[in-house]
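Novice: below are the sequence and a predicted model for it; my questions follow.
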Amino acid sequence: MKKVVILGGGGGGAILANLLPKDEFDVTVIDKKENHVFLPGNLFIAFMGHKKERYMKPLKELLKPHIKFLHDEIISLDLNERKIKTKGKEIEYDYVAIATGAHLDYDAISGNTELLNKFGDYYSGPENAAKLHNTLMGMKEGNFVIAVADPIYMCPPAPQKGAFLSSKFFAKRGLKEKVKVILALPFPHAYSSKVISDIIEPELRKEGIEVHTFFTVDSIDTKNKKIFSVEGEEINYEVAVVIPIHEGPEYEVKPAEVKDDSNYIKIDKYTSKVEGFDDAYAIGDCTNAPTSKSGVTAHLQAETVASRLQGFDAKYSGRTNCPLLTNGTGLFIISDYDHPPVPVKLSKFKRLMEDLFVATYWDAIRYPELWEPIFKAYFEATNPEVLGKEGW
Amino acid sequence: MASKVLEELSENETDALKKTLCFLMKLNEMGILDTLNHLLEPEVIGGLSSLILNKGTLKLLDNVDTLLKSLGEVPKEPKEVGVFGLLGELRDPDVKRGLGFVIALLRSLGKALKSNFS
Ligand SMILES: Cc1cc2nc3c(=O)[nH]c(=O)nc-3n(C[C@H](O)[C@H](O)[C@H](O)COP(=O)(O)OP(=O)(O)OC[C@H]3O[C@@H](n4cnc5c(N)ncnc54)[C@H](O)[C@@H]3O)c2cc1C
């Protein structure tokens, strides 16, 4: 039996654990939280008033019965000694997979923690998403601002999704004329890729969403309700969400060189192997792989690592499939290491597909072997190489 | 044990359970349960998925609302069009766009048929 320890039971870690055959692997998952959280659900909690319980499940129930779950916080990882320290234990392994996601550093932008505590947000978790929903229910007029502190953050289209969904929310409350939704982005366009920006700009205009480009959040003045940008602009807000700076794991990892300047774990972008190690992998949001920080990435990297641990030469192509939702329609940001996002038009069908992805999330985690061939067919049919310049 | 479980069920639940059992018995007698059981293999699911989820079907489904909307707008009894009428119709930009679509469809259908039969 090979002893595999998986650090973190989020999307990446839970799928990897469930994919490893029980007769070959002795698997332990360590997570400091008892509940697994479906982060995209934050949007539906905050802007559609869904119950937060819908997007949380005990991790123990999501893992197959033979998998051991250790509810504890990881303090350090020594790759040379093959040792993991948690608050309560010391554990050794034959193989380790790091899947602790991104660390959200609210303190890096002055005023952001205060903003989070006051209004809630839709990045940190379901509790704060529910808090944001309450805040927005109480809002009567003024600017609702969604701003971005750094170009690298989870789910690249989430600021735009938030803008579209909140605009719909205010329209439903009869406040279309009174509340203005403002999107402030560090990019030259309404989306980091011009191809996608050209597709959504008319929709943003139609919804009356104001877009500020070249706006990288520098600081927040919570007394005077102003957000300042590095570029020298300022925006007034009544309520605001500033997507925080993301970083790699906070806990110590030895040798220190495996972390980059932002603490992300340096990996081979195809195999997910930690640089310099044959018995250590990292998947999902905690790595420096040059692709989107997305659940799809975590899922596909988990499949790659599960195959590699079973002796196959699997590789991850960098494929992304992040959904962007507007009022009733949707599209997917489809790209990989070799192709920038291809043009994908907004349609009702893609919105339905996204709703299906969300509805089947828990089953895709619990029974990944059932969903693997189905997703594979979808990913092959929508491979950026196959879609080409014409897109979908 | 089973009778204890039954005791705890409400009337509605017992009713639903009876119906479910009836349905399951039918599926079993007809051999559908056995067949489904044997069909539920990764290879079958994979094959079926790649047959249903391909570039063509995804494009079709993506446009299904446009197609159905245009179908709904076709008059109940479209007027007849002869050769000369056709020339006149071809000045209409909507007709030109529709024709372009049909010709592109014919071309790719022709290509697909050629590789299928040669
Ligand atoms: C608003 C929003 C919308 C999104 N929408 C989409 C979408 O539509 N599609 C998509 O593909 N992606 C989406 N994402 C991104 C997606 O949720 C993440 O990319 C994905 O969850 C990453 O998975 P992961 O396993 O790497 O990390 P996570 O899911 O973050 O899991 C990390 C786990 O590690 C645990 N952990 C961390 N540190 C420690 C420690 N020291 N000790 C013990 N345990 C620890 C955490 O408790 C957590 O359970 C969205 C994200 C947000 C915020």
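Specialist: Cool, the structure landed. Numbering: from 1, shown residues only, chains lettered A, B, ... in the order given.

Novice: show me the domain layout of the chain.
Specialist: Picking chain A for this. Residue ranges for the domains of chain A, per automatic domain parsing: A:1-32+A:72-102+A:248-315, A:104-245, A:316-392.

Novice: wait, chain B was what I had in mind.
Specialist: Listed by automatic domain parsing, the domain ranges of chain B are B:1-40, B:54-118.

Novice: among the ones you listed, which comes closest to the ligand?
Specialist: With C-beta to the nearest ligand atom as the criterion, the ligand lies closest to domain B:54-118 of these, at 18.3 Å. The C-beta positions use only the backbone N, C-alpha and C, and glycine is treated the same way.

Novice: distance between that closest one and the chain's centre?
Specialist: Centroid separation for domain B:54-118 versus its chain: 19 Å, with C-alpha atoms, centre = their mean, to the nearest Å.

Novice: report the rounded mean pLDDT for it.
Specialist: Mean pLDDT, domain B:54-118: 91.

Novice: before we move on, the earlier item: let me have the domains of chain B in CSV, extended by mean neighbour count.
Specialist: Shown next, in CSV, are those (neighbours: other C-beta atoms under 10 Å in any protein chain shown):
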stretch, mean neighbour count
domain B:1-40, 10
domain B:54-118, 10
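
Novice: let's have the ones you listed in a markdown table, adding distance to A:Gly9.
Specialist: Formatted as a markdown table, the domains of chain B follow (distance: least, C-beta to C-beta, whole Å):
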| stretch | distance to A:Gly9 |
| --- | --- |
| domain B:1-40 | 27 |
| domain B:54-118 | 32 |
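
Novice: between those, which gets nearest to A:Val195?
Specialist: domain B:54-118 (17.3 Å; C-beta to C-beta).

Novice: that closest one vs chain A: in contact?
Specialist: Yes. Contact of domain B:54-118 with chain A (C-beta under 8 Å from any C-beta of the partner chain) involves B:Asn54, B:Lys55, B:Thr57, B:Leu58, B:Lys59, B:Leu61, B:Asp62, B:Asn63, B:Val64, B:Asp65.

Novice: chain A: helices as residue ranges?
Specialist: Listed in chain order, the helices of chain A (DSSP state H) span A:11-19, A:41-48, A:59-62, A:112-119, A:126-138, A:158-172, A:194-207, A:295-309, A:348-359, A:361-366, A:368-381, A:384-387.

Novice: most packed of those?
Specialist: Mean neighbours per residue, mean count of other C-beta atoms under 10 Å in any protein chain shown, is largest over the helices of chain A for helix A:11-19, with a mean of 27.

Novice: between the helices of chain A, which one is nearest to A:Glu34?
Specialist: Nearest to A:Glu34, of all the helices of chain A, is helix A:59-62, at 6.4 Å by C-beta to C-beta.

Novice: mind listing the residues bridging to the spatially closest residue to A:Gly111 that is not a sequence neighbour?
Specialist: The shortest distance from A:Gly111 to any non-neighbouring residue, by C-beta to C-beta, 6 or more residues apart in numbering or on different chains, is to A:Ile220 (3.0 Å). Note on A:Ile220: beta-bridge partners A:Ile227, judged by DSSP bridges.

Novice: Provide a list of residues in contact with the closest residue to A:Thr113 other than its chain neighbours.
Specialist: For A:Thr113, ignoring the flanking residues on the chain, the nearest one in space by C-beta to C-beta, 6+ apart is A:Tyr106 at 4.5 Å. The contact partners of A:Tyr106, by C-beta atoms under 8 Å, 6 or more residues apart in numbering or on different chains, come to A:Asn112, A:Thr113, A:Leu116, A:Ser124, A:Pro244.

Novice: for A:Phe47, see how far away the residue nearest to A:Gly111 is.
Specialist: Separation of A:Ile220 from A:Phe47 (C-beta to C-beta, to the nearest Å) stands at 21 Å.

Novice: the stretch 51-200 of chain A against the ligand: which residues are in contact?
Specialist: Residues of the stretch 51-200 of chain A lying near the ligand by C-beta under 6 Å from any ligand atom: A:Glu73, A:Ile74, A:Ala99, A:Thr100, A:Gly101, A:Tyr122, A:Tyr123, A:Met154, A:Cys155, A:Ala158.

Novice: JSON lines for those, including pLDDT?
Specialist: Below are these laid out as JSON lines (pLDDT from 0 to 100):
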{"residue": "A:Glu73", "pLDDT": "98"}
{"residue": "A:Ile74", "pLDDT": "98"}
{"residue": "A:Ala99", "pLDDT": "98"}
{"residue": "A:Thr100", "pLDDT": "98"}
{"residue": "A:Gly101", "pLDDT": "98"}
{"residue": "A:Tyr122", "pLDDT": "98"}
{"residue": "A:Tyr123", "pLDDT": "98"}
{"residue": "A:Met154", "pLDDT": "97"}
{"residue": "A:Cys155", "pLDDT": "97"}
{"residue": "A:Ala158", "pLDDT": "98"}
